[in-house]
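would you be able to build a 3D model of this:
(one chain, ligands or ions: 1)
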Amino acid sequence: MRDMVKVGLMGLGTVGGGVVELLAKNRVEIAQRAGEGIEIAMALVRDPAKARGLDGAIPRLTTDPEEILADKSIGIVVETMGGEEPALTYIKKALRRGKHVVTANKEVVSAHGQELFEAAMIHRCHLMFEGSVGGGIPIIMPLKRCLAANDIDEVSAVINGTTNYILTEMTAKGKDFAEVLREAQARGYAEADPSADVDGLDAARKLAILASIAFNTRVTPSHVSTEGIRAVSSADPRYAAELGCVIKLVATARQDDGAVRVAVAPVLLPKDHPLAAVNGPDNAVLVRGRPVGRVVFSGPGAGRGATASAVVGDIMEIVRQRTRPDKSQCTCFTTKEVLAGSGRPSPFYVRLRLPDGHGALDRATAAFAARGVSLASASRKSADGSGYEFVLVTRSAAEDAVRAAAAEGASNGAGWAVLNVLRMEDGDGAA
Ligand SMILES: NC(=O)c1ccc[n+]([C@@H]2O[C@H](COP(=O)([O-])OP(=O)(O)OC[C@H]3O[C@@H](n4cnc5c(N)ncnc54)[C@H](OP(=O)(O)O)[C@@H]3O)[C@@H](O)[C@H]2O)c1
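Residues are numbered from 1 along each chain as shown. Below you'll find the predicted structure:
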């Protein structure tokens, strides 16, 4: 392996701390995948004495940005301070000194993207900002690369976790806006000054970034017609439900007769709309393009680990472009044992045809019990002259045991037929 790539981190709070933790935790894999090891050489903070729980992970803390900007060994600056200034000034200085920049700062990117990209081009540097929209959801790169061949008609998104949490709670519990906002502040889901979130500005900033990429034209927050959620009362979600809808703060950019229309506003969405099911602090982005059709990205829209995932992904992409420009992009670096099947216990759905006659279900239940498989339910579905169809749902069990029990009656002359055995996933797909 070659030398370590040195990173100067500006900001060591929620996201910056997550970046440090992720780079340390997955150090070996990150080096393999990027082609070089990555280390934080120095971090800029306001208060070096603050306890951060990152002991020894960073060789040096500083309060002087020049220490990072003037250090020639630092090739990448990661800005996770937030706010417009001094972040904007530091990013510009970094680019002018030939340092690549990764930022999660939607405020700076949405309002100053043009001058930053100009500086990046002049100084032949990367400017990456995946973490600035949608936290851990990959959306900037997919729009710029994977969907780049399409004519994009629309990007609509639920991209502010605070307002989505508030609207989800108002809908579920019938509470009013002010009460849920107070609870959200107490739980850390809303800032002490919540206006950037609840008045729609944060969503407008993120929409400006997405629209600029999707439609290849500069869109800034000042273009966006912006309405927040303060006027949504506790009655509105109830009346919306009566119409088969939910209320979401939706950020939409559409191409209309060659113009791009951009708006953030509370909207009634039919319950089967892909953005309607995005609840709590989660985010989702829907892209409609031709020929691809409708594509939806969803996941955690903020948070330490999720946003660090996007920021570190950007750092790695910069390193990778340097280390692997002419090599194949194969990423099979290791040789691991590969096994067929899931291997994990889970509940199973078993559909059996049992013969007519007393005790057939008891014998089937006993066959499962004999293999250590207990049943959560058994229900008779249909009958004809010669037998019954039953659906059995097992509790969590090994697949081999379930299949063996189901097959037993079929093979030992008990007259069963196994019609289907299907694994059941749990709610988050983790079964
Ligand atoms: N939090 C999220 O889930 C999330 C998600 C997506 C994007 N983002 C974006 O990521 C950025 C960082 O957010 P965050 O939540 O990590 O913020 P944060 O927890 O408030 O951390 C900010 C860090 O920057 C340092 N800092 C701030 N101003 C400074 C200055 N003038 N000079 C030196 N250091 C300064 C602070 O130093 P001290 O520690 O010494 O005070 C702190 O370490 C923002 O642009 C935000 O919009 C955040």
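
distance check, the nearest residue to residue 128 once chain neighbours are set aside against the ligand.
Nearest non-adjacent residue to residue 128, counting by CB to CB, 6 or more residues apart in numbering: residue 314, 3.7 Å away. No exception for glycine: its C-beta is placed from N, CA and C like everyone else's. For residue 314, the distance to the ligand equals 12 Å [CB to the nearest ligand atom, to the nearest Å].

helix/strand/coil for residue 314?
helix (DSSP: H, G, I helix; E, B strand; the rest coil).

thought it was touching residue 138?
No. With contact defined as CB atoms under 8 Å, residue 314 does not count as touching residue 138 (10.5 Å).

closest residue of the protein to the ligand?
Ranked by CB to the nearest ligand atom, the top residue of the chain for proximity to the ligand is residue 13, at 1.9 Å.

which residues touch that residue?
80-82 (CB atoms under 8 Å, 6 or more residues apart in numbering).

make it 10 Å
45-46, 50, 52, 80-82, 304 (CB atoms under 10 Å, 6 or more residues apart in numbering).

residue 312 now?
7, 18-23, 26, 30, 34, 38, 78, 102, 130-131.

what about the residues you listed, which are in helices?
In this view, the contacts of residue 312 that belong to helices under DSSP state H are 18-23, 30, 34.

quick one: least confident of these?
Within the ones in helices among the contacts of residue 312, pLDDT reaches its minimum at residue 34, with 93.

my read: residue 74 touches residue 62, true?
No. Checked against CB atoms under 10 Å, the pair residue 74 and residue 62 is beyond contact range at 11.7 Å.

these two: which is more packed in?
For residue 74 versus residue 62, neighbours defined as other CB atoms under 10 Å are more numerous around residue 74 (22 against 16).

tell me the mean pLDDT for stretch 118-134?
For stretch 118-134, the per-residue pLDDT averages 97.

where does this protein dip in pLDDT?
1-2, 325-328, 427-431 (pLDDT under 70).

what does it put close to the ligand?
11-16, 44-47, 50, 80-82, 86, 104-106, 131, 135, 302-303, 307 (CB under 6 Å from any ligand atom).

how about a cut-off of 5 Å?
11-15, 44-47, 80-82, 104-105, 135, 302-303, 307 (CB under 5 Å from any ligand atom).

among the residues you listed, name the buried ones.
Among these, those classed as buried by 16 or more other CB atoms under 10 Å are 11-12, 14-15, 44-45, 80-82, 104-105, 135, 302-303, 307.

between those residues, which is nearest residue 125?
The shortest approach to residue 125 among these belongs to residue 105, at 16.3 Å (CB to CB).

the closest one reaches residue 82, doesn't it?
Yes. Residue 105 is within contact range of residue 82, at 5.9 Å (criterion: CB under 10 Å).

common neighbours of these two, please.
With CB under 10 Å, 6+ apart, residue 105 and residue 82 have common neighbours 11, 15.

ok so, going back, common neighbours of residue 74 and residue 62, please.
In contact with both residue 74 and residue 62: 8, 42, 68, using CB under 10 Å, 6+ apart.

which residues are in contact with the last one?
If I follow you right, that is residue 68. 6-10, 41-44, 60, 62, 74, 77-78, 90, 93-94, 97, 99.

contacts only, for residue 241.
171, 247, 268, 271.

these in helices, which ones?
Short answer: the contacts of residue 241 in helices (DSSP H) are residue 171.

are any of the contacts of residue 241 buried, and which?
Using 16+ other CB under 10 Å, the buried ones in the contacts of residue 241 are 171, 247, 268.

could you dump those into JSON lines and include distance to residue 375?
Output for the buried ones among the contacts of residue 241, formatted as JSON lines (distance: CB to CB, whole Å):
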{"residue": "171", "distance to residue 375": "36"}
{"residue": "247", "distance to residue 375": "42"}
{"residue": "268", "distance to residue 375": "43"}
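
list the buried residues of the helix or strand containing residue 407.
Following DSSP states H and E, one finds residue 407 within helix 399-411. By neighbour count with 16+ other CB under 10 Å, helix 399-411 contains the buried residues 399, 401-406, 408-409.

can you list the strands that the helix or strand that that helix is followed by pairs with?
Helices and strands here follow DSSP H and E; after helix 399-411, the next one along the chain is strand 417-423. Strand pairing for strand 417-423, using DSSP bridges, gives strand 348-355 (antiparallel).

quick one: the strand it pairs with to helix 399-411, angle?
On the basis of axes from the mean of the first three to the mean of the last three CA atoms, to 10 degrees, strand 348-355 is oriented at 10 degrees to helix 399-411.

alpha carbons of strand 348-355, as PDB, please.
This file holds the C-alpha atoms of strand 348-355, laid out as PDB (Å, rounded to 0.1, in the frame of the first residue of the first chain):
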ATOM      1  CA  PHE A 348     -42.000 -19.500   7.400                       C
ATOM      2  CA  TYR A 349     -45.300 -19.700   5.600                       C
ATOM      3  CA  VAL A 350     -46.100 -23.300   4.900                       C
ATOM      4  CA  ARG A 351     -49.100 -24.200   2.700                       C
ATOM      5  CA  LEU A 352     -50.100 -27.900   3.000                       C
ATOM      6  CA  ARG A 353     -52.800 -30.000   1.600                       C
ATOM      7  CA  LEU A 354     -53.900 -32.400   4.300                       C
ATOM      8  CA  PRO A 355     -56.100 -35.500   3.800                       C
END
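
now do the next helix or strand after that strand: distance to the chain's middle.
Next along the chain after strand 348-355, taking DSSP H and E as the criterion, comes helix 360-370. Its chain's C-alpha centre and that of helix 360-370 lie 44 Å apart, by CA atoms, centre = their mean, to the nearest Å.

which parts of helix 360-370 are buried?
In helix 360-370, the ones that count as buried by 16+ other CB under 10 Å are 360, 363-365, 367-368.

name the residues that touch stretch 26-35?
Under CB under 10 Å, 6+ apart, the answer for stretch 26-35 is 1-2, 4-5, 22-24, 36-39, 312-313, 315-325, 327, 331, 333-334.
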